[in-house]
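Undergrad: below are the sequence and a predicted model; questions follow.
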Amino acid sequence: MRAVGVKLVESKLPDFPYGAVVSTVIAAEGGSVFEPLIRSGQVDQLAYPKQIAGLKASLGITAADYLKAMRIRREMKDAFHKLFADVDVLLAPSRLGPAPKLSEPLDGASATAAVPKERGMTSIIAAGNLVGFPALSLPCGFAGSCRWGSNWWDLRSRRTSWWRSASSIKAGRTGIVGGPPFNKRSFTPVI
């Protein structure tokens, strides 16, 4: 990336309980949307027991807990605006490990995923969903037979800077091995 003029600086996410806040917001809003299904008992016809239990539990989230999560979310947005005063784009791995196999449960932890010593960007997807900044995922090569990618986030929605930066990197083949020729369809929206 440096070869095409990108200046890299190390950044960390602002310190917030991203997982707890996103779980509260999603569960409360899901409980509200699916309340008729849950209260009618039809929720028990779903195939996945954990989903049934989660939807039923979502009706127990209090307004106080939801509003507290929304206040923290506002603080997160302010902190990200400060973070983006110093950087144009956040770049992080799409995943910390390979995707689970089809035979593995989606909600299980991958045995091969390394747990970083510091938070760094490990909560970036939850943070992005809470803060509402757009993201793109760009393939960046293979590790063995497993494809790896990088996610790019830009709070100010300067998508032209993404296309320009990503196009330069892909065109220069800097750090990118294999994959289809680059075009706008090579990007996958994350949120």
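TA: Okay, I see it.

Undergrad: how about low-confidence regions in this structure?
TA: By pLDDT under 70, the weakly predicted segments of the chain are 1-6, 96-100, 106-121, 147, 155-191.

Undergrad: what sits up against the longest helix seen in it?
TA: Longest helix of the chain, by residue count under DSSP state H: helix 63-83. Here helix 63-83 makes contact (Cβ atoms under 8 Å, 6 or more residues apart in numbering) with 11, 13-14, 16-18, 20-21, 24-25, 28, 90, 127, 130-133, 155. Quick note: C-beta positions are derived from backbone N, CA and C, even for glycine.

Undergrad: with stretch 15-23 instead?
TA: Contacts of stretch 15-23 (Cβ under 8 Å, 6+ apart): A69, I72, R73, E75, M76, A79, R119, S123, A126, A127, N129, L130.

Undergrad: in these, find the pair that's most separated.
TA: A69 and R119 (19.3 Å; Cβ to Cβ).

Undergrad: just to revisit the earlier point, narrow the contacts of stretch 15-23 to those that are buried.
TA: Buried residues within the contacts of stretch 15-23, counting neighbours by 16 or more other Cβ atoms under 10 Å: A69, I72, R73, M76, A79, S123, A126, A127, N129, L130.

Undergrad: out of those, which is nearest to A143?
TA: Using Cβ to Cβ, the shortest approach to A143 within the buried ones among the contacts of stretch 15-23 belongs to S123, at 22.5 Å.

Undergrad: how close does that closest one get to A20?
TA: S123 sits 11 Å away from A20, going by Cβ to Cβ, to the nearest Å.

Undergrad: secondary structure element holding G149?
TA: According to DSSP states H and E, G149 maps onto strand 146-153.

Undergrad: how about that strand: buried residues?
TA: Those would be R147, W148, S150, N151, W152, W153, for strand 146-153 by 16+ other Cβ under 10 Å.

Undergrad: same for it, what does it pack against?
TA: Judged by 3 or more Cβ pairs under 8 Å, 6 or more residues apart in numbering; DSSP states H and E, strand 146-153 is in contact with strand 90-93, helix 124-131, strand 135-143, helix 159-172.

Undergrad: export the first one as CSV, just CAs?
TA: I take that to be strand 90-93. Written as CSV, here are the backbone C-alpha positions of strand 90-93 (Å, rounded to 0.1, in the frame of the first residue of the first chain):
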residue,chain,number,x,y,z
LEU,A,90,-9.8,2.7,8.6
LEU,A,91,-8.4,-0.5,7.3
ALA,A,92,-8.8,-3.8,9.1
PRO,A,93,-9.0,-7.5,8.3
